[in-house]
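> Have a look at this prediction, sequence included:
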Amino acid sequence: MNRPDFKPLIRWLDATVVSVAIAVVIGGITRLTESGLSITEWKPVSGVLPPLSDVDWASAYAKFLEIPQAQTVHAGITMGAFKVLYWWEWVHRLLARGVGLVIAVPFFWFWAKGQIPAALRLRLASLPVLVAAQGALGWYMVSSGLVERTNVSQYRLVAHLGLALVILVVALWTSASLRAAMASTDGAEATGAASHGGPSPVGRTVPIAGGAAFNLRHWALIADGFAIWTFLVILSGGFVAGLRAGKSFNTFPLMAGQVVPPGYGQLDGFFTDAFENPASAQFHHRLLAILTVLVAIGLWRWVRAAGAPAHVVRTQRNVALIAGVQVCLGIATLLLVVPVAVAALHQLVAVVLLGATVMAAHAARRA
């Protein structure tokens with residue numbers, strides 16, 4: 001039987017992954033530069049155009065001056081400085097619209113042409129729905145900082161980040177599955193791979209030296225769990241950003257000369273303190289990040305010593321190396337007091353790390 005040609009779908013999904021990653025990084029820059037509230041209105045269509053005249057700029061500037069952030073964080077801001085903020089947020093919103101087009105237009109084209117495998121229709125149909133929800137959630141986030149707060153709600157910011165990452169993961173996993181399907185020599189096997197991520201390794205073991213065996217099913221569950229863990233660690237970093245927690249305790253490994261920083265646990269209730277106390281949010285993120293890189297290295301050493309398939313070892317090695325780079329970038333971000341360029345790179349590598357854990361989980365399932 002002829003192999004299915006999923007190349008157009010793969011190119012579309014890869015473009016989705018790249019566009020979402022870029023939008024996440026630019027969104028992070030708007031947060032770092034305190035630009036996210038510079039556009040105080042949500043106009044999905046007409047908002048594509050920036051102010052085109054002095055009158056338009058004066059109107060946008062006047063609306064910005066009315067919000068609490070302009071009267072505190074940006075007190076005394078000039079028109080020139082406001083324009084810098086505005087352009088960052090405008091680029092972010094334009095990119096978000098671009099992501100919507102990258103996802104929706106090809107999807108409906110492939111759907112109309114009948115080029116989406118039946119097993120993937122529901123999954124891929126979720127992408128335009130999720131990106132529409134992401135746009136609405138983005139405005140819901142911005143609106144939280146326009147009336148009483150001087151910044152957006154950290155809860156809404158993390159939800160906005162999390163949904164973007166979900167979109168990226170769905171596209172990345174499906175792209176990898178379609179590649180596995182095309183690599184299969186049997187058409188029926190290829191269809192199953194596209195639906196389930198590759199031939200199932202359920203209960204399968206690989207014999208290794210000494211009579212032991214590497215259980216692929218167990219490893220697949222571990223790899224899945226580590227990918228989910230990494231996703232949650234990235235979200236913990238979102239709370240650090242949302243609370244501006246990175247601008248304090250700019251030493252490592254101690255925080256203000258202590259293992260546990262002063263002020264930790266000062267808010268009533270563990271969850272309230274964890275998600276609303278800057279000291280606690282940074283402390284938790286540090287611990288989670290260090291644990292992540294240690295576990296990543298440990299898993300890499302384990303699969304290598306256990307004689308796992310080469311591509312399983314390779315993908316887990318990539319996870320460990322990227323996790324190491326990410327921790328170094330996080331430390332540099334702290335010590336340098338959150339410079340925009342380094343912090344943005346830290347966020348980009350976080351997305352790359354999540355992608356690497358997803359690919360490691362996918363490799364385990366097609367082993």
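Looks like it arrived, so ask away. Numbering: from 1, shown residues only.

> Show the average pLDDT along the helix or strand where residue 102 lies.
Take DSSP states H and E as the rule and residue 102 turns out to sit in helix 79-112. Mean per-residue pLDDT for helix 79-112: 96.

> Could you do stretch 218-231 as well?
Per-residue scores along stretch 218-231 average to 96.

> Can I get it as PDB, trimmed to CA atoms?
The C-alpha trace of stretch 218-231 is given here as PDB (Å, rounded to 0.1, in the frame of the first residue of the first chain):
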ATOM      1  CA  HIS A 218       6.700   1.900  32.300                       C
ATOM      2  CA  TRP A 219       9.100   4.300  30.600                       C
ATOM      3  CA  ALA A 220       6.300   5.800  28.500                       C
ATOM      4  CA  LEU A 221       4.300   6.500  31.700                       C
ATOM      5  CA  ILE A 222       7.400   8.100  33.300                       C
ATOM      6  CA  ALA A 223       8.100  10.200  30.200                       C
ATOM      7  CA  ASP A 224       4.500  11.400  30.100                       C
ATOM      8  CA  GLY A 225       4.600  12.300  33.800                       C
ATOM      9  CA  PHE A 226       7.800  14.300  33.400                       C
ATOM     10  CA  ALA A 227       6.400  16.200  30.400                       C
ATOM     11  CA  ILE A 228       3.400  17.200  32.600                       C
ATOM     12  CA  TRP A 229       5.700  18.000  35.500                       C
ATOM     13  CA  THR A 230       7.800  20.400  33.200                       C
ATOM     14  CA  PHE A 231       4.500  22.100  32.100                       C
END
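
> what comes up buried for stretch 90-107?
Buried residues in stretch 90-107, defined by neighbour count with 16 or more other CB atoms under 10 Å: 90-93, 95-97, 99-100, 102-103, 106-107. In short, each C-beta sits where N, CA and C put it, glycine included.

> ok, now which ones touch residue 108?
Applying CB atoms under 8 Å, 6 or more residues apart in numbering to residue 108 gives the contacts residue 128.

> ugh, wrong one, residue 90
Neighbouring residues of residue 90 by CB under 8 Å, 6+ apart: 39, 50.

> out of the buried residues of stretch 90-107, who's nearest residue 298?
For the buried residues of stretch 90-107, the minimum distance to residue 298 (CB to CB) is 35.7 Å, reached by residue 99.

> Apart from its neighbours in sequence, what residue is nearest that closest one?
Distances taken as CB to CB, 6 or more residues apart in numbering put residue 19 closest to residue 99, at 4.7 Å, once the chain neighbours are dropped.

> mind checking how far the one you found is from residue 235?
Residue 19 is 21 Å from residue 235, where distance means CB to CB, to the nearest Å.
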